[in-house]
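Peer 1: How does the following fold in three dimensions:
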Amino acid sequence: MPPETLAGELLFDHAACALVLTTPDGVILRANATACTWLGYTHEELAGAMRMRDLLPVGARLFYHTHCQPILEVQGSVAEIQVDLRTRGQERLPVLINIVRQQEGDRLVDHWAFFKASDRKAYERELLEARKAAEAALEARRSAEEELKKLNAQLSAADRRKDEFLATLSHELRNPLAPMRSALDVLTLKFARSADGRLLQAFDRQLRHLTRLVDDLMEVSRITQGRMQLRRTAVDLSTLVAGAAQDLATTMEAAGHTLRLSIAPPPVTVDGDPTRLSQVVLNLLTNAAKYTPDGGLIELHLACDGEMAEIRVSDNGIGIPAEALANIFDMFSQLEPALERSRGGLGIGLALVRGIVELHGGSIAADSAGAGKGSSFTVRLPLSANATRPVEAAPAGELPARVRVLVVDDNEDAAKMLAMALEWSGCEVRVAHSAAQALELLPGFAPEAALLDIGLSDMNGYELARRARQLPGGAHTMLIATTGWGQQKDRERAFEAGFDHHITKPIDFDLLRPLLHGLAVRGE
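Peer 2: Prediction:
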């Protein structure tokens, strides 16, 4: 027998499927070893001795005669018919059958190929289970994504409500602060030369502290939303740091602290916002005083290190545990010892400090040897040799010429106190408690400046500003929005309505005086 024939015989006999040759009427001519093994017969018991119908149950035999035979006669092949075969032991063997009818010499021969369907069913079951598992995982993922979207939406809504709450809280707190600030300015102007000004100093110190807390609430919200804007100018840190130390001298003395200064000689110039940088130093010094037991030592250093200015505030207070150093600058971070001593504050001061420092392109780091071993905060800011020089503030006291000012506020205390402070500064003042009253006064009084409250009862300040601009001479009046709403969007809305300036309550005369001073000089 030629080698190729022998190879073909071996391939036929030991194929991975059962192979059977029959006559068109089903007489078995030949079966391979695989078929004999599956069915339990010898080749001699099958070839020439049995028909295919003998291996088929009654139902499969009927199907073979009514469907398979007609199709074989028409198209010569049948594919993937699933039936059961009966083995020698009368067991059922599920198989898939492919049949091809071929002409071999002068006779027709049917080639049968059997594939075990039991393995396929198991495989299909596994595929089905895998598909179900995949679909379940996909559904779980979709549910998780939907839940995540809901949580994100809830967090966004909570964050938005938090910002709205902080803005509203700040506004409501500023309303009573406004007349208090104006009243203090009047008392300061009236009794500036008094022999004993300790009461006024204490009042001023605590009012400024309360105002800073309100401002901190708003500013930390602006930082987290990326909306804080810096008013950059050339800042001499030597002067700024010394001034901050002077501002807190009384606080240090009251607690019996020793404040030791080491300040590099001027100029130590950075390009920054002097108000914000002053906040940084004041907050760090206040923190040191708060977390240091009475009679402690606090050190304030300013030095130049290469191209960086370095401000360091150190104390010998309660210290910072190692595990708290990582999140000491987080919002609402508190130290337990501080809470126990009722000096914890709002927990936003250091978060605000970090935000302001980073906006200036600087960095801040905290260091402590542990609880009870003091702490140190180091701020590094880039030095600048080409920053724009600041505009000198107007001198305190009376203005060089009388300025006509209209104060519009439906809070009578706030309006009266602000008017009194302006009068003590040399202004000619008229007061209106509604938008309608202001519109009546404007034409005859012709003020050079008008301070308009936004939250008026009969008309908001934005609409009042628009109408004021349309009156004769209204285009030349300096309109100043005075409001407890201090977010960036509130400023933008004020400028769109025609205001020249926006000042949040309580009004700081150090901010208002230069504006009025410019009008007075222009009118001389």
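
Peer 1: Helices of the stretch 101-250 of the chain, residue ranges please.
Peer 2: Listed in chain order, the helices of the stretch 101-250 of the chain (DSSP state H, counting those that start in this stretch) span 117-190, 198-224, 237-247, 249-254.

Peer 1: which stretch in the ones you listed is the model least sure about?
Peer 2: Note on those: helix 198-224 shows the lowest mean pLDDT, a mean of 66.

Peer 1: what's the next secondary structure element after the helix or strand bottoming out on mean pLDDT in the chain?
Peer 2: Here the helix or strand of the chain ranked lowest by mean pLDDT, DSSP states H and E is helix 336-340, holding a mean of 45. Downstream of helix 336-340, the first helix or strand assigned by DSSP states H and E is helix 349-359.

Peer 1: That next one: which residues count as buried?
Peer 2: Neighbour-count burial for helix 349-359 flags G349, L350, A351, L352, V353, R354, G355, I356, V357, L359 (criterion: 16 or more other Cβ atoms under 10 Å). All C-beta atoms are positioned from the backbone trio N, CA, C, and that covers glycine.

Peer 1: got it, and stretch 429-437?
Peer 2: Neighbour-count burial for stretch 429-437 [16+ other Cβ under 10 Å]: V429, R430, V431, A432, H433, S434, A435, Q437.

Peer 1: swap in stretch 47-67?
Peer 2: For stretch 47-67, by 16+ other Cβ under 10 Å, it's A47, M50, M52, L55, L56, A60, R61, Y64.

Peer 1: For the second one, give its distance to E440.
Peer 2: In other words, M50. M50 is 120 Å from E440, where distance means Cβ to Cβ, to the nearest Å.

Peer 1: Then the fourth one?
Peer 2: Taken as Cβ to Cβ, the spacing of L55 relative to E440 amounts to 113 Å.

Peer 1: before we move on, what about A117?
Peer 2: 99 Å.

Peer 1: So if I had to pick from these two, which one is more boxed in?
Peer 2: With neighbours defined as other Cβ atoms under 10 Å, A117 and E440 compare such that A117 has more, 18 against 12.

Peer 1: so what's that one closest to, chain neighbours aside?
Peer 2: Here the nearest residue to A117 in space, its sequence neighbours aside, is P94; by Cβ to Cβ, 6 or more residues apart in numbering that works out to 3.8 Å.

Peer 1: For the one you found, list each beta-bridge partner.
Peer 2: D84 (DSSP bridges).

Peer 1: per-residue confidence for it?
Peer 2: Confidence at P94, expressed as pLDDT, is 88.

Peer 1: Please apply the same query to the one 10 residues further on.
Peer 2: Note on E104: pLDDT of 87.

Peer 1: How many residues are close by it?
Peer 2: 10.

Peer 1: what do you get for the one 4 residues further on?
Peer 2: Taking other Cβ under 10 Å as the neighbour definition, L108 ends up with a count of 16.

Peer 1: tell me the contacts of L479?
Peer 2: Contacts for L479 (Cβ atoms under 8 Å, 6 or more residues apart in numbering) come out as A449, A450, L452, A465, A468, R469, G498, F499, D500, H501.

Peer 1: Wait, the second one touches A435, no?
Peer 2: No. Between A450 and A435 there is no contact, the gap being 11.5 Å when judged by Cβ atoms under 8 Å.

Peer 1: shared neighbours, the two?
Peer 2: V408.

Peer 1: Now the residue lying farthest from the centre of the chain: phi and psi?
Peer 2: Relative to the centre of the chain, and counting by Cα atoms, centre = their mean, the farthest-placed residue is D106 at 85.7 Å. Dihedral angles of D106 (phi, psi; degrees, to the nearest 10) stand at phi -100, psi 20.

Peer 1: State the distance from it to S434.
Peer 2: From D106 across to S434, the span is 119 Å (Cβ to Cβ).

Peer 1: ok, so of the buried residues of stretch 47-67, who is nearest G243?
Peer 2: Closest to G243 out of the buried residues of stretch 47-67 is A60 (103.2 Å), distances taken as Cβ to Cβ.

Peer 1: and that closest one, that's in a helix?
Peer 2: Yes. Counting by DSSP: H, G, I helix; E, B strand; the rest coil, A60 falls inside a helix.

Peer 1: residues touching the residue nearest to it when sequence neighbours are not counted, list them.
Peer 2: With sequence-adjacent residues excluded and distances taken as Cβ to Cβ, 6+ apart, A60 is closest to V83, at 4.1 Å. Contacts for V83 (Cβ under 8 Å, 6+ apart) come out as L56, P57, A60, F63, Y64, P94, V95, I97.

Peer 1: Show the contacting residues for the second one.
Peer 2: Under the criterion of Cβ under 8 Å, 6+ apart, the neighbours of P57 are V83, D84, R86, R92.

Peer 1: now with 10 Å?
Peer 2: Contacts for P57 were tallied using Cβ atoms under 10 Å, 6 or more residues apart in numbering; they are F63, V83, D84, L85, R86, R92.

Peer 1: The closest residue to D110 other than its chain neighbours pairs with what?
Peer 2: Nearest residue to D110 in three dimensions, chain neighbours excluded: T22, at 4.8 Å (Cβ to Cβ, 6+ apart). Beta-bridge pairing for T22 (DSSP bridges): I28, D110.

Peer 1: isn't T22 right up against Y64?
Peer 2: No. Counting by Cβ atoms under 10 Å, T22 stays clear of Y64, with 11.3 Å between them.

Peer 1: intersection of neighbour lists for those two?
Peer 2: Shared contacts of T22 and Y64, counting by Cβ under 10 Å, 6+ apart, come down to M52, I99.

Peer 1: returning to what we had before: could the contacts of P57 go into a markdown table alongside distance to E299?
Peer 2: Compiled in a markdown table, the contacts of P57 are given as follows (distance: Cβ to Cβ, whole Å):
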| residue | distance to E299 |
| --- | --- |
| F63 | 100 |
| V83 | 96 |
| D84 | 95 |
| L85 | 97 |
| R86 | 101 |
| R92 | 95 |
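
Peer 1: Flag whichever of these scores worst on pLDDT.
Peer 2: Within the contacts of P57, pLDDT is lowest for F63, at 81.

Peer 1: contacting residues for that residue?
Peer 2: L56, P57, Q69, I81, V83.

Peer 1: of all the residues you listed, which comes closest to D236?
Peer 2: I81 (96.7 Å).
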